[in-house]
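*Asks:* structural data only, the sequence is not supplied:
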């Protein structure tokens, strides 16, 4: 209970911070994006709109541009406007009034064409701001102050530029309705930006909650795993990385559950394996002390047998513990596997004969160089032969063979009945596992020998597997790489 409270205090504030971080990140992103889009669209609209207005003004001045080009072509200079300052506004007013009459009043007689005074004033006020420049862009006519605030349109006679007509760029000179329209559009854009930001503000909180909800579920599941509840499963909807992570966590929980069950079985089996020889030793010693059994060679043999069994079990456990932590040492060197197997055959032959088993070996008279630890290899094949000796019923047969195949040596050890169901072959390499049809504590070991054998073979970059034997028992096949010359 105390642990759960500690974990909760560590997780829940973190999740709150993560949700807050998501909220701030979404809100900041929305604000920056909204502000950037508003600035971009506002600038783009204003620039494009006023450019459109300027082009519109230039289009309106196209007749004047054409008229000025005709004037220069006729006179060959701009002296009319240079010599007489009043000529330029009179020229513009006369031109624009004629143009206005032609467009608005039609081809009626001159005496019937009258122009309103307010229209005449507006036309004069607008085009007095128009300036005329020569080919060197020097002011010929017009207000010199407008030189830097005009759009210059070329005046050409043939292919030669004879001057420029300067149009006003100052927004104050533009149409008031155009400016009002542009201002209204800018205001609308600002309102849209504010509405978008408010929508982002309102949606950021539920969105951040949605994004962190599944993460919170995963964290709670991990907390339950850390508390030992490995049977809990988590199910997330979707097909994204979080769903994949949930599936991996379920697999992890299953693996942890199996590991926990294996650990408990391991502790129970080890305690039982250690207790059995100790109980036998204690019972024999007490019987000897009480005089129930005589202290003779037979009694000493039983004590020695149980002591040897206990010693072998402890040694196997020690070797396995070293293997688990990667501390099992291997002093590898170049050695002859044929010579090592021949020594084992000489040593094991009497034991098989005493057990009523026929032991044969077929080893080719060829070099069998391997790079390995002679002591560990001796332990490997001694365990395999000892297994066959312990689990083969007499009368029976045990056969060892070795052959070369490419760059590998293949050693097989097969025996007669009893056999093991093929579905249990791989389980024979598990610690403390016994196939009940073939193993028992009276004749066999603790079930650790094959586990050590596999570790030794893998340390020598080899392979070991078990199949059914044609003799009726099992065939253990060991493959080891040869040393290249």
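*Replies:* Good, I have the coordinates. Fair warning: this is a prediction, and the values are worked out from it, not measured in the lab.
*Asks:* contacting residues for residue 377?
*Replies:* The contact partners of residue 377, taken as Cβ atoms under 8 Å, 6 or more residues apart in numbering, are 335, 337, 340, 370, 456, 460. Just so you know, the C-beta spots here come from the backbone N, C-alpha and C atoms, and that holds for glycine as well.
*Asks:* show me the residues you listed that map onto helices.
*Replies:* 337, 340, 456 (DSSP state H).
*Asks:* which one of the contacts of residue 377 is nearest residue 275?
*Replies:* When the contacts of residue 377 are compared for distance to residue 275 (Cβ to Cβ), residue 456 comes out closest, at 28.1 Å.
*Asks:* and that closest one, how many neighbours?
*Replies:* 24 (other Cβ atoms under 10 Å).
*Asks:* do you know how far it is from residue 381?
*Replies:* Residue 456 sits 10 Å away from residue 381, going by Cβ to Cβ, to the nearest Å.
*Asks:* now swap in residue 374 and tell me
*Replies:* 11 Å.
*Asks:* who's more crowded, those two?
*Replies:* More crowded of residue 374 and residue 381, by other Cβ under 10 Å: residue 381, with 23 against 18.
*Asks:* so that one is in which element?
*Replies:* helix 374-391 (DSSP states H and E).
*Asks:* and that helix, what's buried?
*Replies:* Buried residues in helix 374-391, defined by neighbour count with 16 or more other Cβ atoms under 10 Å: 374, 376-381, 383-391.
*Asks:* following element in sequence after the lowest-mean-pLDDT helix or strand in the chain, please.
*Replies:* Lowest by mean pLDDT, DSSP states H and E among the helices and strands of the chain is helix 117-127, with a mean of 55. Remark: after helix 117-127, the chain's next helix or strand is strand 131-134, criterion DSSP H and E.
*Asks:* adjacent strands (with direction) for that next one?
*Replies:* Strands that pair with strand 131-134, judged by DSSP bridges, come out as strand 139-141 (antiparallel), strand 160-168 (antiparallel).
*Asks:* would you format the ones you listed as JSON lines with mean pLDDT and mean neighbour count included?
*Replies:* As requested, the strands paired with strand 131-134 are exported to JSON lines (pLDDT from 0 to 100; neighbours: other Cβ atoms under 10 Å):
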{"stretch": "strand 139-141", "mean pLDDT": "83", "mean neighbour count": "18"}
{"stretch": "strand 160-168", "mean pLDDT": "83", "mean neighbour count": "20"}
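*Asks:* can you list these in a markdown table and add distance to residue 416?
*Replies:* Output for the strands paired with strand 131-134, formatted as a markdown table (distance: least, Cβ to Cβ, whole Å):
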| stretch | distance to residue 416 |
| --- | --- |
| strand 139-141 | 122 |
| strand 160-168 | 113 |
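*Asks:* out of these, flag the one nearest residue 63.
*Replies:* Closest of the strands paired with strand 131-134 to residue 63 is strand 160-168, at 11.5 Å (criterion: Cβ to Cβ).
*Asks:* ok, which stretches of this structure are strands?
*Replies:* Secondary structure of the chain (DSSP state E): strands at 131-134, 139-141, 150-157, 160-168, 333-336, 357-362, 369-372, 396-405, 408-416, 463-468, 472-481.
*Asks:* ok, residues contacting the shortest one?
*Replies:* Counting by Cβ under 8 Å, 6+ apart, strand 139-141 makes contact with 78, 81-82, 85, 87-88, 131-134, 147, 163, all of which sit outside it.
*Asks:* in the chain, what residue spans correspond to helices?
*Replies:* Using DSSP H, the helices of the chain run over 2-60, 62-75, 79-83, 87-100, 117-127, 176-226, 241-290, 297-324, 337-354, 374-391, 449-459.
*Asks:* quick one: average confidence on the third one?
*Replies:* Predicted confidence along helix 79-83 averages 83 (mean pLDDT).
*Asks:* would you check that residue 186 makes contact with residue 45?
*Replies:* Yes. Counting by Cβ atoms under 8 Å, residue 45 is a contact partner of residue 186 at 7.3 Å.
*Asks:* before we move on, the earlier item: could the ones in helices among the contacts of residue 377 go into TSV alongside pLDDT and distance to residue 38?
*Replies:* Formatted as TSV, the ones in helices among the contacts of residue 377 follow (pLDDT from 0 to 100; distance: Cβ to Cβ, whole Å):
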residue	pLDDT	distance to residue 38
337	93	82
340	92	84
456	89	73
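*Asks:* need those residues in CSV with distance to residue 192, can you?
*Replies:* Shown next, in CSV, are those (distance: Cβ to Cβ, whole Å):
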residue, distance to residue 192
337, 84
340, 87
456, 76
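*Asks:* and of those, the nearest to residue 60?
*Replies:* Closest approach to residue 60 among these (Cβ to Cβ): residue 456, at 99.6 Å.
*Asks:* name the nearest residue to residue 72, sequence neighbours excluded.
*Replies:* residue 162 (4.9 Å; Cβ to Cβ, 6 or more residues apart in numbering).
*Asks:* distance check, the one you found against residue 138.
*Replies:* On the measure of Cβ to Cβ, residue 162 and residue 138 end up 13 Å apart.
*Asks:* looking at the helices of the chain, which is nearest to residue 407?
*Replies:* Set against residue 407 and scored by Cβ to Cβ, these come closest in helix 337-354, at 13.6 Å.
*Asks:* returning to that earlier point: shared neighbours, residue 374 and residue 381?
*Replies:* residue 340.
*Asks:* any idea how far residue 75 is from the nearest residue to residue 208 once chain neighbours are set aside?
*Replies:* Nearest residue to residue 208 in three dimensions, chain neighbours excluded: residue 22, at 3.7 Å (Cβ to Cβ, 6+ apart). Going from residue 22 to residue 75 by Cβ to Cβ gives 76 Å.
*Asks:* so which of these two has more stuff around it?
*Replies:* With neighbours defined as other Cβ under 10 Å, residue 22 and residue 75 compare such that residue 22 has more, 19 against 10.
*Asks:* tell me the pLDDT of residue 401.
*Replies:* So residue 401 comes in at 94 (pLDDT).
*Asks:* again, but for residue 335
*Replies:* 91.
*Asks:* tell me what it is bridged to.
*Replies:* The partner list for residue 335 in beta bridges (DSSP bridges) reads residue 370.
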